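Engineer: compute the structure for the input listed below.
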Amino acid sequence: MTEKLLAGQRALVTGASSGIGRAIACALADAGAVVLVNYRSSQEEAERVVADITHRGGKAFAVQADVSKPEDCERLFGALEKKLGGVDIVVANAGVQRDAAFTEMTLDDWRKVIEVNLTGQFVCTQEAVRRFRHQGLDPERSPALGKIIFTSSVHQAIPWSGHVNYATAKGGLKLLMESMAQELAPEKIRVNAIAPGAIKTPINQDAWETEEAKEKLLKLIPYGRIGEAEDVAKATVWLASDESDYVVGTTLFIDGGMLLYPAFREGG
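Structural biologist: Numbering: from 1, shown residues only. Got it, this is the predicted structure:
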């Protein structure tokens with residue numbers, strides 16, 4: 001049997017109780033990592049993720065924390081230290097949507113999405129970098145001091161009417177990731193992002209659950225199918241592994257070609 005890509009690695013996935021985060025946590029565990037499954041409020045769902053990983057022969061723990069709060073992040077990484085002895089991979093995945101037309105969007109909904117989807121990623125990964133530095137480089141574990149992967153979106157590049165708070169947060173996340181990568185690469189800390197397109201998850205169920213909605217969505221996807229959470233998870237495993245050790249400051253789009261603006265295939 002070939003060695004698993006993430007054997008011996010210790011991983012944190014934020015917002016891992018459902019959807020893309022859940023799939024990423026399971027895939028990292030399948031690849032050999034020990035995984036800390038972070039959740040904010042869905043303890044029962046998080047425990048189900050842990051049970052699923054354990055049933056498949058992996059090892060995982062669930063820890064509650066609101067990653068937009070510095071004190072929660074400090075406690076979260078303290079749990080990592082206690083349970084896993086440290087951390088090698090951080091997938092900053094936690095996110096929310098609060099959608100509305102621009103002039104109808106409340107300031108609270110604007111602030112909440114920016115707080116979780118952008119500020120929360122800053123707070124969480126800032127603590128991660130401190131932990132990486134404290135641990136020091138272990139070449140037998142990985143040539144990288146640490147690996148950070150942000151879950152972004154095609155909407156870091158594609159404007160999204162009715163979702164200005166979400167698109168703004170993801171646009172900001174792109175430059176947060178790239179600026180961090182530029183600053184931290186000399187320390188052998190690799191920072192990258194994954195940017196999913198249309199993926200089947202509970203949060204966007206109304207966009208694919210009926211034939212009419214599915215047909216409308218497929219017009220935006222040249223590859224002709226809606227993505228699964230596992231599509232994102234498989235790519236995340238590679239980006240977290242040492243197979244991608246020379247990949248730094250890159251956004252990997254997992255979108256079936258959505259970023260290619262398919263409406264222009266016929267001349268626009």
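Engineer: residues near residue 7, how many?
Structural biologist: The local packing of residue 7 (other CB atoms under 10 Å) involves 11 other residues. Just so you know, the C-beta spots here come from the backbone N, C-alpha and C atoms, and that holds for glycine as well.
Engineer: who are the packing partners of the strand ranked longest in the chain?
Structural biologist: In the chain, with assignment by DSSP state E, the single longest strand is strand 189-196. Counting contacts by 3 or more CB pairs under 8 Å, 6 or more residues apart in numbering; DSSP states H and E, strand 189-196 packs against helix 120-135, strand 146-151, helix 164-184, helix 229-240, strand 251-254.
Engineer: among the ones you listed, which is the most enclosed?
Structural biologist: Most buried of these by mean neighbour count (mean count of other CB atoms under 10 Å) is strand 146-151; its value is a mean of 26.
Engineer: pull the CA atoms of that strand into PDB?
Structural biologist: The C-alpha coordinates for strand 146-151 follow below in PDB (Å, rounded to 0.1, in the frame of the first residue of the first chain):
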ATOM      1  CA  GLY A 146       3.100  25.300   8.000                       C
ATOM      2  CA  LYS A 147       0.400  25.200   5.300                       C
ATOM      3  CA  ILE A 148      -2.700  27.600   5.200                       C
ATOM      4  CA  ILE A 149      -5.500  27.200   2.800                       C
ATOM      5  CA  PHE A 150      -8.300  29.700   2.500                       C
ATOM      6  CA  THR A 151     -11.700  28.700   1.100                       C
END
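Engineer: low-confidence regions, the stretch 101-250 of the chain specifically.
Structural biologist: When residues are selected by pLDDT under 70, those of the stretch 101-250 of the chain lie in 204-209.
Engineer: returning to that earlier point: can you lay out the helices and strands packed on strand 189-196 as a markdown table showing distance to residue 217?
Structural biologist: Formatted as a markdown table, the helices and strands packed on strand 189-196 follow (distance: least, CB to CB, whole Å):
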| stretch | distance to residue 217 |
| --- | --- |
| helix 120-135 | 27 |
| strand 146-151 | 20 |
| helix 164-184 | 17 |
| helix 229-240 | 15 |
| strand 251-254 | 16 |
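Engineer: tell me how far the longest strand of the chain lies from the chain's centre.
Structural biologist: Remark: strand 189-196 is offset 8 Å from the chain centroid, using CA atoms, centre = their mean, to the nearest Å.
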